[in-house]
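**Student:** task: produce atomic coordinates for the following.
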Amino acid sequence: MTRTVAALDCGSNSTRLFIADSAGVARTRRTHITRLSAGVDEHATLRDDAMERTFAVLREYRRAMDAEEVDQGLLVATSAVRDARNGQDFLARAGEIVGVQARILSGNEEATFSYDGATADLVPSERPTMIVDIGGGSTELAVMIDGELRSFSMQLGCVRVTERALGAGVVSPERRAAAEIMIQRELERAFASEPRFGDVVGAVRLVGLAGTVATLVALERAVATYDRAALHHQTLTRRQVVHWRDRLSAETPEVRLAHSGMTEGREDVLAAGLFVLSAVMERFGVDDVLSSESDILDGMAASMLTLSSPG
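**Tutor:** Predicted coordinates for the structure are as follows:
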């Protein structure tokens, strides 16, 4: 039976669509920067303008789903909607627009879908694979240890760290120190909540997901227009991460946007994402990170196709 499924992710910084056929092959991938989480960290409420930006994109995605004759879909919301008092109201309206099941994922569910999606096409490794999924409001860490997925959702994301500590412009020493303290506190909380993370320090294959890592690859390779093949499964060293972290921190958003590979809508928050990534690499004792363009959307699509398979 030929089927077509749609996975939709209302993230803190971007709203994305993935449509796949019954074999899991991509039919459509779309991303729009909608900054749904704008102001959520301070006010714990989704702003009307942020919701309207997202709803407008979802209407466009519904038209794409109709064109592809989608049979089944799932829309998920993550950190911004989890943290907002009006998150359920947003979710109900989003579900109405796209006409599919809509859910708020827990941090563990988000990590599981992301891990499944990112590791499906990886070559085997003797080292355990850990994913770091840097979103706008949260960062998911997940690693398979002794056949069990151990995960933790840190209250760190490129938008959250920017709004709370780093700022959107040239980074002052004071703002840098505040961001580093914020990140280290969350890493301490991660290791306290998931003690088995300590067992794999220095021993993991780190795989990086989402816009922070993809944009970093584009900057390092000067990929001016999106090319999935050019960004997928590329290796970045910790030295390269630190180089771009510090370079962007010394620039205004306008200057950052002029770099070949920078995505409009990420120029004000990418530095914060790189502070998170570099800290994770240091804490887990890894010298490089492998990029993955397969992520939570691929995991969601695979789950829908698996659950609906006969037998």
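
**Student:** burial measure for the closest residue to A64 other than its chain neighbours, as a count.
**Tutor:** Nearest residue to A64, sequence neighbours excluded (Cβ to Cβ, 6 or more residues apart in numbering): T28, at 5.8 Å. Just so you know, the C-beta spots here come from the backbone N, C-alpha and C atoms, and that holds for glycine as well. Here the number of neighbours of T28 (other Cβ atoms under 10 Å) works out to 16.

**Student:** could you do S12 as well?
**Tutor:** 29.

**Student:** residue contacts, the closest residue to it other than its chain neighbours?
**Tutor:** Spatially, and ignoring its direct neighbours in sequence, S12 is nearest to G136 (2.7 Å; Cβ to Cβ, 6+ apart). Taking Cβ atoms under 8 Å, 6 or more residues apart in numbering as the contact definition, G136 lies against 11-14, 35-37, 79-80, 157-160, 269.

**Student:** go again with 10 Å.
**Tutor:** 11-14, 33-38, 40-41, 78-80, 157-163, 210-212, 269, 272-273 (Cβ atoms under 10 Å, 6 or more residues apart in numbering).

**Student:** in ChimeraX, how would I select the buried members of those?
**Tutor:** The ChimeraX command for the buried members of those (criterion: 16 or more other Cβ atoms under 10 Å) is given here:
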select :11,12,13,14,33,34,35,36,37,38,40,41,78,79,80,157,158,159,160,161,162,163,210,211,212,269,272,273
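
**Student:** okay, and which of the contacts of G136 map to strands?
**Tutor:** 14, 33 (DSSP state E).

**Student:** wait, S291 touches L216, no?
**Tutor:** Yes: taking contacts as Cβ atoms under 10 Å, S291 lies within contact range of L216: 7.9 Å.

**Student:** quickly list what's touching both of the two.
**Tutor:** In contact with both S291 and L216: 208, 231, 234, 236, using Cβ under 10 Å, 6+ apart.

**Student:** thinking again about what came up before, in helices, which of the contacts of G136 fall?
**Tutor:** 40-41, 79-80, 158-161, 210-212, 272-273 (DSSP state H).

**Student:** can I get those residues in TSV including pLDDT?
**Tutor:** Output for these, formatted as TSV (pLDDT from 0 to 100):
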residue	pLDDT
V40	82
D41	77
S79	80
A80	84
C158	91
V159	90
R160	90
V161	95
A210	89
G211	90
T212	94
A272	96
G273	96
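
**Student:** tell me the one of the residues you listed nearest E110?
**Tutor:** S79 (8.2 Å; Cβ to Cβ).

**Student:** my guess is that closest one contacts S138. True?
**Tutor:** Yes: counting by Cβ under 10 Å, S138 is a contact partner of S79 at 3.9 Å.

**Student:** what is in contact with the two at once?
**Tutor:** 11-12, 37, 107, 110, 153-157, 159-160.

**Student:** what count of nearby residues applies to R3?
**Tutor:** Neighbours of R3 using other Cβ under 10 Å come to 16.

**Student:** so who does it touch?
**Tutor:** 20-23, 69-72, 304-305, 308-309.

**Student:** L105 now?
**Tutor:** 9, 76-79, 81-82, 111-114, 140, 153, 296, 300.

**Student:** how close does it get to D89?
**Tutor:** 17 Å (Cβ to Cβ, to the nearest Å).
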